[in-house]
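1. Here's a sequence, model it:
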Amino acid sequence: MIKNKFIKKKIKGIEIDVRSKKSLYIKMDGWTVYIDNSTNEHIIDHWYDDTPTVHNRNLLSKPKKTVIADRYMTLESVKPNKDCKVCDHVNDYVCFDHEHEQIKKVYPNCEYTDDCEWVINETVPHNDIREANNEI
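-> Down below sits the predicted model:
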């Protein structure tokens, strides 16, 4: 008789499925978290159990992104500060500090990214993931 080397426990409705000394699954409320350090990569992944296919799991961690502006766009509402030594009001150049200040006033949840974009990241509820990504 071969002994099952996996360990499954259910504690207060939370299911813990230990697959090895360095990997496990945790399930609760229709949500699964996978933790694996078997390759010393510190992998942590998560998905909702009702996600239809495995490749859609990654969509849960990618919020919907709305680009407000990038380095090629000009926002009419962003104006140079006449008292700033870096802004150039003659040539309509706005320094980053004043651009940041004015954009945050209009879009308080906006963030500047490494791609030189002002974006708003929206969390997509797990039931709306396929719809948000045009997969229906």
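
2. Which parts of this structure are strands?
-> 7-11, 14-20, 23-28, 31-36, 43-48, 64-70, 111-112, 117-122 (DSSP state E).

3. Where does pLDDT dip in the protein?
-> Applying pLDDT under 70 to the chain flags residues 1-5, 50-64, 71-74, 122-136.

4. could you give the angle of the top helix by length along it to strand 64-70?
-> Of all the segments of type helix in the chain, defined by DSSP state H, the longest one is helix 96-106. Helix 96-106 and strand 64-70 are oriented at 130 degrees to each other (axes from the mean of the first three to the mean of the last three CA atoms, to 10 degrees).

5. I'd like to know which elements helix 96-106 is packed against.
-> Helix 96-106 is packed against no helix or strand, with contacts defined by 3 or more CB pairs under 8 Å, 6 or more residues apart in numbering; DSSP states H and E. Where you see a C-beta, it was placed from the backbone N, CA and C, and this is true even at glycine.
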